[in-house]
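What would the 3D arrangement of this be:
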Amino acid sequence: MMRGAQVMFSLILICFLASDVVWKAQAVWLTLPKAARTKCVSEEIQNNVVVLGDYLVISDDPTRETSNISVKVTSPYGNNLYHKENVTHGQFAFTTHEAGSYLACFWADGSNPGGGDVSVNLDWRTGIAAKDWESVAKKEKIEGVELELRKLEGAVEAIHDNLLYLKNREADMRTVSERTNSRVAWFSIMSLGVCISVSALQLWHLKRFFQKKKLI
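Next up, the predicted model:
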């Protein structure tokens with residue numbers, strides 16, 4: 001009985017640690033130079049995942065007017081998901097329809113009043129971390145342990161989906177690798193055949209040349 005309780009405690013601890021990893025949002029600090037240079041944040045995200053991002057320009061000097069920035073978020077295939085100019089804060093939210101690397105790019109506008117570097121805080125959340133659990137709790141009238149169990153269930157599903165995604169990616173990469181190896185092997189055989197053919201032609205040409213010159 002004691003051993004069963006220890007196993008159960010270990011499983012709960014693992015679930016909590018896993019959920020902490022899954023729920024953890026990615027907070028990023030960006031320093032945009034005064035020159036019109038772009039800085040981007042990217043993340044590999046699978047299909048049908050909710051993405052939520054909050055960004056805010058942080059001013060080092062409260063007495064100075066806050067600088068404006070421009071923001072653009074694109075999908076792995078270059079589709080424009082969000083684009084704002086001359087803003088100091090904002091939020092973007094979308095559900096992914098393509099698996100791959102999603103890109104959020106920031107750049108300072110040339111008309112910044114301070115003329116110096118611009119600091120931007122980006123809170124990037126995906127999947128279970130982007131879910132509004134307060135709304136879920138109010139809608140389904142759950143709280144306490146039941147709500148935490150619901151969060152754990154969502155975390156386990158997210159981990160399972162992520163493992164399936166990684167498994168599919170690994171299978172695709174293995175297929176591409178095998179196809180590439182096969183093409184390289186055929187190319188090597190063809191190159192060897194061409195080299196042998198050229199060598200044979202050279203020997204034949206030299207033999208005829210020496211026969212014409214009556215050297216052999």
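
So what pairs up with the residue nearest the centre of the chain in the strands?
Nearest to the mean C-alpha position of the chain, by Cα atoms, centre = their mean, lies residue 44 at 1.8 Å. With DSSP bridges as the criterion, residue 44 is bridged to residue 101.

Would you mind measuring from it to residue 84?
24 Å (Cβ to Cβ, to the nearest Å). Backbone N, C-alpha and C define where each C-beta goes, glycine included.

go on, residue 201?
66 Å.

Identify each buried residue in stretch 46-53, please.
Buried residues in stretch 46-53, counting neighbours by 16 or more other Cβ atoms under 10 Å, are found at 46, 49-53.

How are the helices of this structure distributed by residue range?
2-23, 133-140, 145-212 (DSSP state H).

now this structure, which segments are flagged as low pLDDT?
1-26, 34-36, 60-64, 110-116, 130, 132-133, 136-137, 215-216 (pLDDT under 70).

rerun at 80
Within the chain, the stretches with pLDDT under 80 are 1-27, 33-37, 59-66, 109-117, 127-155, 157-158, 161-162, 213-216.

thinking the residue nearest to the centre of the chain is in contact with residue 98, fair?
No: the pair residue 44 / residue 98 is not scored as a contact, 11.5 Å apart, by Cβ atoms under 8 Å.

Number of residues surrounding residue 55?
23 (other Cβ atoms under 10 Å).
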